[in-house]
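S.K.: just need the structure, nothing else, for what follows:
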Amino acid sequence: IILKKCPDILSIYKNRYKYYQIDEGQDLSRVQFEILKIFCSSKDSNLFIVADDDQSIYGFRGAEPKCIFELDEYYEGLKIYRLENNYRSTKNIVELSSKLIKINQLRYDKFHKTSNPSYKNPTILNVEDEIEQLKFLEKTVNKHLMENHTVAILYRSNLSSISVVEMFTRKGIPFELRQNRVHFFQHWVIQDIISFLRFALDPYDYESFSRIYYKMNRYISKAMMENSLKYQYQLPVIKSILKTSELQPFQKIKLNDLTKEFKTLSKMKPLRALKYIEDEFKYFGNIKGSSERAGVSLDYYYNLFGVLKTLSVSCHSISEFLGLLEELSLNFENTKVFNKRDKNPVNLITMHSSKGLEYDVVIMIDLINREIPGEGALKNDRNQDENPIEEERRLFYVGMTRAKRWLYMVCPQYVNDISEARSTFVNEVVSILNEEQMDNIIEGRIIEHKKYGKGIISSINKKSGRTFIGVDFKGRTRMLDLDVCLENGIITL
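M.R.: Here you go, the predicted model:
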């Protein structure tokens, strides 16, 4: 507004600077673009912009990639120079990521290429659950560190880093955490669960009990809790309630049973204790109202709880588990946590923060639809709004192109015991890879099967939209579902 209403001020700045250069132009906001047009009129030839529309991933900060597509409409004689050569990644990664990003509609068409040789296609791994994902990470990371490769683990949400940090710390794997602080441990749901566990260990813990007494369906009122304060720290909390309140017989029975429940809970292994809080105390049913009032999906709170369950697997007692949570909370207070004696730590980083970086090995984890592209983007896509899902695809593309040589995509089939759909972007990658492989499927071609060894394709048949091949393994012909074999790496050409 100042620049528009005060031409004298605008003139000062226009006279001060003869040329203007914009870096990361794909991240211009609409306001920034309008300011740019004020400084650089449509007839001036004094503007140079460097931008990659395929890496516009900051819409949540106000970035609007449409701005750079409007440049040629506003600036006369605009020239576009396409920098299409990739000096980082193998030919496989460059060509695959290029085909993926070309699914987007809002972009300048480019022919990505590289003089780097082909190496191997990305490894796509469908693991059973979060625990199997961690086992894969341990094995794969150790293998690459032994060969002195730089390694990064990328994820969409900071929550994904918590169980990885715990496992790496426990296994002595050096790592560096590149992110802002995680507020997971301070979240009220996590503090509630911790209060359940603390009270199980200490029946005198009034503070913990006052946090949870109305979240477990045991008929305890606020007045009963307030009355019990008369004997605070002199009697166990539940005994104090029994002594200070006029109770119905059924209430006394419930409270006596509750004492026994917490005593039993204190002896459980952490994972079982968490399931007890979930199933027997009906914790999530009791916070449903809070979830609705806050406008936050109950699934989000349940996801936080799922992280706790994953962390609990390595602990044998509740006291050990509480100690682990305290230690992790302190670790996440620092923006970097790593073994300083090691010169090559594994980098733990969000996909957003990885932009501009590169590593020999990139492992993308938690590749499920709920994480990326996320339910919101999928819903908008179904409503014909492609902008959110295209930005999420750009983010996935950024993650893929951080890899110089090795790229792994890990997809848990269950998270927190709930079946999860694999990320639609992984499905797109699989489709591209299968399409490339299909071109090489001809009769007489020699293939290698993981179990049966070398064989010769003797027949190719299509049925109900699927392709089946007959393969001669030393005189015995076996029929194979080609799509399943290619997707799971069962056969190689």
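S.K.: count of neighbours near the closest residue to residue 57 other than its chain neighbours?
M.R.: Nearest residue to residue 57, sequence neighbours excluded (C-beta to C-beta, 6 or more residues apart in numbering): residue 395, at 4.7 Å. The C-beta positions use only the backbone N, C-alpha and C, and glycine is treated the same way. By the measure other C-beta atoms under 10 Å, the count of residues near residue 395 is 25.
S.K.: cool, residue 285 as well?
M.R.: Residue 285 has 13 nearby residues by other C-beta under 10 Å.
S.K.: where does the stretch 151-300 of the chain dip in pLDDT?
M.R.: Flagging of the stretch 151-300 of the chain using pLDDT under 70 yields the residue ranges 180-181.
S.K.: correct me if wrong: residue 178 contacts residue 345.
M.R.: No - the criterion here is C-beta atoms under 8 Å, and residue 178 misses it with residue 345 at 10.3 Å.
S.K.: wait, doesn't the residue nearest to residue 57 sit right on residue 367?
M.R.: No - applying C-beta under 8 Å as the test, residue 395 and residue 367 come out as separate, 11.9 Å apart.
S.K.: sorry, back to before: what about residue 178 and residue 345, which has more around it?
M.R.: residue 345 (21 against 17).
S.K.: OK, contacts around the nearest residue to residue 195 once chain neighbours are set aside?
M.R.: In space, and not counting its chain neighbours, residue 195 is closest to residue 208: 3.9 Å by C-beta to C-beta, 6+ apart. Shown in contact with residue 208 (C-beta atoms under 8 Å, 6 or more residues apart in numbering): 194-196, 198-199, 202.
S.K.: so which of those residues wins on neighbours?
M.R.: Top of those by neighbour number is residue 199, holding 25 neighbours under the definition other C-beta under 10 Å.
S.K.: for it, helix, strand, or coil?
M.R.: Secondary structure, DSSP: H, G, I helix; E, B strand; the rest coil: residue 199 is helix.
S.K.: likewise residue 154?
M.R.: Quick answer, by three-state DSSP: residue 154 is strand.
S.K.: what is it paired to in the beta sheet?
M.R.: residue 349, residue 364 (DSSP bridges).
S.K.: look up how far residue 403 lies from it.
M.R.: Distance of residue 154 to residue 403, computed by C-beta to C-beta, to the nearest Å: 9 Å.
S.K.: try residue 124
M.R.: Taken as C-beta to C-beta, the span from residue 124 to residue 403 is 13 Å.
S.K.: more neighbours: these two, which one.
M.R.: Legend: neighbour count by other C-beta under 10 Å for residue 124 and residue 403, higher for residue 403 (25 against 21).
S.K.: centroid-nearest residue for the chain?
M.R.: By C-alpha atoms, centre = their mean, the chain has its centre lying nearest to residue 156, at 3.1 Å.
S.K.: hang on, that one packs against residue 368?
M.R.: No - Residue 156 lies out of contact with residue 368 (C-beta under 8 Å); the separation is 9.4 Å.
S.K.: next one: residue 15 relative to residue 7, how far apart?
M.R.: Relative to residue 7, residue 15 is positioned 12 Å away (C-beta to C-beta).
S.K.: burial check on residue 253, number of neighbours?
M.R.: 11.
S.K.: tell me who's in contact with the residue nearest to the centre of the chain.
M.R.: Contacts of residue 156 by C-beta under 8 Å, 6+ apart are 350-351, 366, 371-372, 374, 395.
S.K.: where exactly do the strands run in the stretch 201-350 of the chain?
M.R.: 346-350 (DSSP state E, counting those that start in this stretch).
S.K.: what do you get for the stretch 51-200 of the chain?
M.R.: Using DSSP E, counting those that start in this stretch, strands in the stretch 51-200 of the chain cover 123-127, 151-155, 175-178.
S.K.: which one of those is the most hemmed in?
M.R.: strand 151-155 (a mean of 25; mean count of other C-beta atoms under 10 Å).
S.K.: okay, angle between it and strand 346-350 too, please.
M.R.: 20 degrees (axes from the mean of the first three to the mean of the last three C-alpha atoms, to 10 degrees).
S.K.: so which residues of the stretch 251-400 of the chain form helices?
M.R.: Along the stretch 251-400 of the chain, counting by DSSP state H, counting those that start in this stretch, helices occupy 270-279, 283-286, 288-294, 298-312, 318-332, 375-382, 387-400.
S.K.: other residues contacting the second one?
M.R.: Outside helix 283-286, the residues that touch it by C-beta under 8 Å, 6+ apart are 192-193, 196, 214-217, 277-278, 298, 301-302, 305.
S.K.: and for the last one?
M.R.: The list of residues contacting helix 387-400 from outside it, by C-beta under 8 Å, 6+ apart, reads 54-57, 59, 65, 93, 96-97, 100-101, 103-106, 122, 154, 156, 351-352, 354-355, 362, 364, 372-374, 376-378, 380-381, 407, 423, 425.
S.K.: show me what secondary structure element comes after it.
M.R.: Using DSSP states H and E, the helix or strand that directly follows helix 387-400 along the chain is strand 403-412.
S.K.: helices or strands up against that next one?
M.R.: strand 123-127, helix 130-146, strand 359-364, helix 424-438 (3 or more C-beta pairs under 8 Å, 6 or more residues apart in numbering; DSSP states H and E).
S.K.: same thing but at 7 Å, please
M.R.: strand 123-127, helix 130-146, strand 359-364 (3 or more C-beta pairs under 7 Å, 6 or more residues apart in numbering; DSSP states H and E).
S.K.: any idea which of these is most buried?
M.R.: strand 359-364 (a mean of 24).
S.K.: on that earlier part again, and the strands of the stretch 51-200 of the chain: which comes nearest residue 491?
M.R.: For those, the distance to residue 491 is smallest for strand 123-127, at 14.4 Å, taking C-beta to C-beta.
S.K.: run the angle between the closest one and strand 403-412 for me.
M.R.: 20 degrees.
S.K.: got the angle for strand 123-127 vs strand 359-364?
M.R.: Using the same axes, to 10 degrees: strand 123-127 against strand 359-364 is 30 degrees.
S.K.: which residues touch strand 123-127?
M.R.: With contact meaning C-beta atoms under 7 Å, 6 or more residues apart in numbering, strand 123-127 is reached by 133, 136, 408-413, 422, 426, 429-430.
S.K.: ok, that strand: who's next to it in the sheet?
M.R.: Partners of strand 123-127 in its sheet, by DSSP bridges: strand 403-412 (parallel).
S.K.: and the partner strand, how far from the chain's centre?
M.R.: 14 Å (C-alpha atoms, centre = their mean, to the nearest Å).
S.K.: heading C-terminal from that strand, find the next helix or strand.
M.R.: Immediately after strand 403-412, counting by DSSP H and E, sits strand 414-415.
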